[in-house]
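**Student:** could you work out the structure for the sequence below:
(chains A and B)
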Protein chains: 2
Amino acid sequence: MKKRNTLTLIILLFTFGAGFSIRPYADEAVPFPEGYRTWAHIKTGLIGPTSPGFKTAGGFHHIYANDKAMAGYTIGSFPEGSIIVFDVLEAIESNGNTIEGKRRHIDVMIKDSIRYSKTGGWGYEEFKGNSKTERMLTDTVRTQCFNCHTSQKDYVFSSLRE
Amino acid sequence: MKKRNTLTLIILLFTFGAGFSIRPYADEAVPFPEGYRTWAHIKTGLIGPTSPGFKTAGGFHHIYANDKAMAGYTIGSFPEGSIIVFDVLEAIESNGNTIEGKRRHIDVMIKDSIRYSKTGGWGYEEFKGNSKTERMLTDTVRTQCFNCHTSQKDYVFSSLRE
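**Tutor:** Residues are numbered from 1 along each chain as shown, chains lettered A, B, ... in the order given. Okay, here's the model as predicted:
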């Protein structure tokens, strides 16, 4: 009987151990927001060469939200699972017309109060160009994201443009 | 028996007559594209004051597509029911940053080969500002839309930005 209990304990430990290793909470990496290009478009801006923000986010930027984040923009508080994408593209000007160029990067915010409890319940990441895997942010920069977003209600700067 | 047949005929005529009167094909008006702000965002451009297009479409323009039109962008041919919206907003520049202002108008294309058979199977309309009812296009202008769009495959100028 003691042997059986020990075996049960080992199985339980193994099961939960394996469970923990694949649980997202064990890993704070922010996943690439698959399909975001068909999500709702919140708003757009253009940061030109004379702007102080040009180096980091120069060009067009579009903000996209998944269904949960869309609800958040409407009610003013973002539910778990909300994802917001800040999509930055080069801007190419010719004869007074400016069109979109290559993607510079996307910035992602994802709401998961447990997984990202250290940064206000939001996880932050940046993916380079069109890469879905090349993550750009260090822990230090993530903390900077968090510190800056802290000034905003539920950590979100943007509002839904009519 | 003859009376009954006559009655049936009257009922049938009335039914179909009423049917015809409420069929959309009897009316070529393009409906306002309800909910388009959450449709997929195809691409964006900015038309500046020095552009020849500034007077008619100056500012930011965003193109949105319903699900059917999204399929059309992918397969290269637009199914019945496709709707494309060209959303024009004022552009406000300050310190090198350009943000969106008020809506100038939206232009709408809707694919219905029967209803809009005279203009290549697409109906064209423009709604002023945020109005859902104030239609701006005359038959002459609609014909101009058609004539210009004729140069494009399935009458659509835009392509889906990555």
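
**Student:** for the top strand by length along chain A, buried residues please.
**Tutor:** With secondary structure taken from DSSP state E, chain A has its longest strand at strand A:97-111. Using 16 or more other C-beta atoms under 10 Å in any protein chain shown as the burial criterion, the residues of strand A:97-111 that qualify are A:97-100, A:103-111. Using the backbone N, CA and C atoms, a C-beta is placed for each residue, glycine as well.

**Student:** apart from its neighbours in sequence, what residue is nearest A:F32?
**Tutor:** Spatially, and ignoring its direct neighbours in sequence, A:F32 is nearest to A:K132 (4.0 Å; C-beta to C-beta, 6 or more residues apart in numbering or on different chains).

**Student:** am I right that the one you found sits in a strand?
**Tutor:** No. Assessed with DSSP: H, G, I helix; E, B strand; the rest coil, A:K132 is coil; it does not lie in a strand.

**Student:** picking up where we left off before, export the buried residues of strand A:97-111 to JSON lines and tack on distance to chain B and pLDDT?
**Tutor:** Converted to JSON lines, these look like this (distance: C-beta to the nearest C-beta, whole Å; pLDDT from 0 to 100):
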{"residue": "A:N97", "distance to chain B": "5", "pLDDT": "98"}
{"residue": "A:T98", "distance to chain B": "4", "pLDDT": "98"}
{"residue": "A:I99", "distance to chain B": "5", "pLDDT": "98"}
{"residue": "A:E100", "distance to chain B": "6", "pLDDT": "98"}
{"residue": "A:R103", "distance to chain B": "7", "pLDDT": "98"}
{"residue": "A:R104", "distance to chain B": "13", "pLDDT": "98"}
{"residue": "A:H105", "distance to chain B": "14", "pLDDT": "98"}
{"residue": "A:I106", "distance to chain B": "12", "pLDDT": "98"}
{"residue": "A:D107", "distance to chain B": "17", "pLDDT": "98"}
{"residue": "A:V108", "distance to chain B": "17", "pLDDT": "98"}
{"residue": "A:M109", "distance to chain B": "18", "pLDDT": "98"}
{"residue": "A:I110", "distance to chain B": "20", "pLDDT": "98"}
{"residue": "A:K111", "distance to chain B": "19", "pLDDT": "98"}
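
**Student:** would you mind giving these as TSV with distance to B:T44 added?
**Tutor:** Shown next, in TSV, are the buried residues of strand A:97-111 (distance: C-beta to C-beta, whole Å):
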residue	distance to B:T44
A:N97	12
A:T98	9
A:I99	9
A:E100	6
A:R103	13
A:R104	15
A:H105	17
A:I106	15
A:D107	17
A:V108	20
A:M109	21
A:I110	24
A:K111	26
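
**Student:** so which pair among the residues you listed is furthest apart in space?
**Tutor:** By the measure C-beta to C-beta, A:N97 and A:K111 form the most distant pair in the buried residues of strand A:97-111, at 37.3 Å.

**Student:** would you tell me what the next helix or strand after the lowest-mean-pLDDT helix or strand in chain A is?
**Tutor:** None of the helices or strands of chain A scores lower by mean pLDDT, DSSP states H and E than helix A:2-22, at a mean of 46. Next in sequence after helix A:2-22, counting helices and strands by DSSP states H and E, comes strand A:40-47.

**Student:** tell me the mean pLDDT over that next one?
**Tutor:** For strand A:40-47, mean pLDDT is 98.

**Student:** just checking: what are the partner strands of it?
**Tutor:** strand A:59-65 (antiparallel), strand B:97-111 (antiparallel) (DSSP bridges).

**Student:** next SSE after the longest strand of chain A?
**Tutor:** strand A:122-128.

**Student:** which strands and helices sit next to the helix or strand that that next one is followed by?
**Tutor:** Downstream of strand A:122-128, the next assigned helix or strand under DSSP H and E is helix A:139-149. Contacts defined by 3 or more C-beta pairs under 8 Å, 6 or more residues apart in numbering or on different chains; DSSP states H and E place helix A:139-149 against strand A:122-128.

**Student:** poorly predicted segments of chain A, please.
**Tutor:** A:1-26 (pLDDT under 70).

**Student:** and A:Y73, what element?
**Tutor:** Here A:Y73 is assigned to helix A:67-75, by DSSP H and E.
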